[in-house]
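> Requesting a structural model of the entry that follows:
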Amino acid sequence: MKKILGIALASAALLGSSIATAAEIELKLAHTWPKGFPIFATSVDDYAEMVGEMSDGRIEIKVDSRNKHKAAFGIFDFVKNGQYDIGQSASYYYGGKDPDTLFFTTMPFGMTALEQYAWFHEGGGLELANEVYAKHNIEVMTGGNTTMQMGGWFRDEIKSIEDLKGLKMRIPGFGGKVMAGVGAVPTNIPPGELYQALERGTIDALEWVGPSLDLRMGFHKIAPFYYTGWHEPSTELMYFFNKEKMDSLPAWASSILLNAAKLTGFNMTLQSQHESSENWAAMKSEYPNIEVKNFPPEVIEALRKSNNDLITAEESRSPLAAKIVASQSDYLKKVRRWTEIGDWSYLSNVANQAK
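Next up is the predicted model:
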């Protein structure tokens, strides 16, 4: 087990003496990804192992990948209906079930990973997420962040906003809505089908994650223009728990399940950052035909306007949506001031001088 970070404390402090007489608990977990898919799926395997260790073997989780349950985007319903006790996926895949779920993965032009984690765990974000999911018999916990995502792979260079009109692109969540607002045609496709869709021309472009996962997918062979990010600055995966099941468990067991999810998410975030750094460093020599681009200012301006229009519409859609938007907006204004004086000042005034 990698990066357990002092898990031994759980057995003594968290479980207590009651564990000796607790009945064995068997749970089923479904996730969105192909079996063994790097970082995303392997972090779920780590989660199941961690829960077993933290519970001294009293909780056993059976993990089913998309290969088993055949429904990459079925996790919400699986957990809601009790077919599975736990799920792991991205919240924004379920905007069709409840539009308020879109807010809890990432927002275009929004918070960075560290800023968003602070919002989730110190700024009321997780409480808002659970308010949304409680309507669906689900409890949630953060499950790992990709950190900053790239803006996607394009067959052709994007030189103006006209180049996005009619463009068929795999891009989910609010990013997809924003792209639709400037004339693109967004769609969502499971990760195992992305390369084939791009190869066959079903889509003209796609965004997936970043160098941590993109390079091994081979997208550059078809779409060599690799654009920097704007739409997913902090993409968070989530663990979903059937609330009836959680309420039926002893307190020590539900605490382990939630805390192990949070810790697994931290480990996954570290791995994402590390793998992106490693792959970015290797990209120049191993993939010399990839052309890294920034979207032109005209395009970014149009995307930002589309995003702002969508946020305004969301605020008027429901009181709960307005509360989430206000919470994210207020927290971003506060936390970004520190990011600017902390990280940005360091990078521009100190780090660059050391080159």
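> Can you mark which positions in the host helix or strand of residue 131 are buried?
Under the criterion DSSP states H and E, the helix or strand holding residue 131 is helix 125-134. Residues of helix 125-134 classed as buried: 125, 126, 128, 129, 132, 133 (neighbour count, 16 or more other Cβ atoms under 10 Å). For every residue, glycine as well, the C-beta is placed using N, CA and C.
> neighbouring contacts of that helix?
Outside helix 125-134, the residues within contact range by Cβ atoms under 8 Å, 6 or more residues apart in numbering are 91, 98, 100-101, 103-104, 116, 119-120, 139-142, 238, 240, 243, 320, 323-324, 327-328, 331.
> now it, how far from the centre of its chain.
For helix 125-134, the gap between its own C-alpha mean and the chain's C-alpha mean amounts to 16 Å (Cα atoms, centre = their mean, to the nearest Å).
> now do stretch 30-45
Taking Cα atoms, centre = their mean, the mean C-alpha location of stretch 30-45 is offset from the chain mean by 13 Å.
> Quick check: buried residues in that stretch?
Using 16+ other Cβ under 10 Å as the test for burial, stretch 30-45 gives 30-34, 37, 39-45.
> And the residues you listed, which is closest to residue 276?
Distance ranking of the buried residues of stretch 30-45 against residue 276, using Cβ to Cβ, places residue 39 first at 10.0 Å.
> so where do the helices sit in the stretch 101-250 of the chain?
Chain-ordered helices for the stretch 101-250 of the chain, with DSSP state H, counting those that start in this stretch as the definition, fall at 113-122, 125-134, 173-181, 194-200, 243-248.
> With the stretch 251-355 of the chain instead?
When secondary structure is read from DSSP H, counting those that start in this stretch, the stretch 251-355 of the chain shows helices at 251-286, 297-317, 319-339, 345-346.
> Specify the angle between the first one and helix 113-122 in degrees.
Spelled out, that is helix 251-286. With axes from the mean of the first three to the mean of the last three Cα atoms, to 10 degrees as the criterion, the two stretches helix 251-286 and helix 113-122 enclose an angle of 170 degrees.
> other SSEs contacting helix 251-286?
Applying 3 or more Cβ pairs under 8 Å, 6 or more residues apart in numbering; DSSP states H and E, one finds that helix 251-286 contacts helix 40-54, strand 59-64, strand 138-145, strand 236-242.
> what about it, average pLDDT?
This predicted structure assigns helix 251-286 an average pLDDT of 96.
> before we move on, the earlier item: could you single out the most deeply buried of the helices and strands packed on helix 251-286?
By mean neighbour count, with neighbours taken as mean count of other Cβ atoms under 10 Å, strand 236-242 ranks first of those at a mean of 26.
> now that one: mean pLDDT?
Per-residue pLDDT values over strand 236-242 give a mean of 98.
> Over to stretch 333-352?
Mean pLDDT, taken over the full extent of stretch 333-352, equals 92.
> Give the buried residues for it.
Burial within stretch 333-352, assessed by neighbour count using 16+ other Cβ under 10 Å, is assigned to residue 335.
> gap between that stretch and the chain center?
Taking Cα atoms, centre = their mean, one finds the center of stretch 333-352 at 24 Å from the center of the full chain.
> Show me what that stretch is in contact with.
The contact list for stretch 333-352, computed with Cβ under 8 Å, 6+ apart, reads 111, 112, 114, 115, 118, 119, 123.
> Report the two of these separated the most.
Pairwise across the contacts of stretch 333-352, and taking Cβ to Cβ, the largest span is found between 112 and 123, at 13.7 Å.
> Run through who's touching stretch 147-155.
Contacting residues not belonging to stretch 147-155 are listed as 106, 112-113, 169, 171, 198, 204-211, 214, 219-220, 222-235, 269, 272-273, 276, 295 [Cβ under 8 Å, 6+ apart].
> re the thing from before, looking at the helices of the stretch 251-355 of the chain, which is buried most?
Using mean count of other Cβ under 10 Å, the stretch among the helices of the stretch 251-355 of the chain with the greatest mean number of neighbours is helix 251-286 (a mean of 18).
> separation between residue 276 and residue 229?
Look at residue 276 and residue 229: by Cβ to Cβ, to the nearest Å, they are 11 Å apart.
> Kindly report the same for residue 55.
To residue 229, residue 55 is 38 Å away according to Cβ to Cβ.
> what about the stretch 1-150 of the chain, any weak spots by pLDDT?
Within the stretch 1-150 of the chain, the stretches with pLDDT under 70 are 1-23.
> Residue 98: how many residues sit nearby?
Residue 98 has 15 neighbouring residues, counting by other Cβ atoms under 10 Å.
> doesn't residue 104 make contact with it?
No: the criterion here is Cβ atoms under 8 Å, and residue 98 misses it with residue 104 at 10.6 Å.
> Which residue comes closest to residue 214 once chain neighbours are left out?
residue 208 (5.3 Å; Cβ to Cβ, 6 or more residues apart in numbering).
> whoops, I mixed them up, residue 65
Nearest residue to residue 65, sequence neighbours excluded (Cβ to Cβ, 6+ apart): residue 35, at 3.8 Å.
> isn't there a strand covering that neighbour?
No: counting by DSSP: H, G, I helix; E, B strand; the rest coil, residue 35 is not found in a strand; it is coil.
> how about it, what does it touch?
Residue 35 makes contact with 41, 65, 66, 67, 68, according to Cβ under 8 Å, 6+ apart.
> Can I get these in JSON lines including distance to residue 283?
Formatted as JSON lines, the entries for the contacts of residue 35 read as follows, by distance: Cβ to Cβ, whole Å:
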{"residue": "41", "distance to residue 283": "23"}
{"residue": "65", "distance to residue 283": "28"}
{"residue": "66", "distance to residue 283": "28"}
{"residue": "67", "distance to residue 283": "29"}
{"residue": "68", "distance to residue 283": "34"}
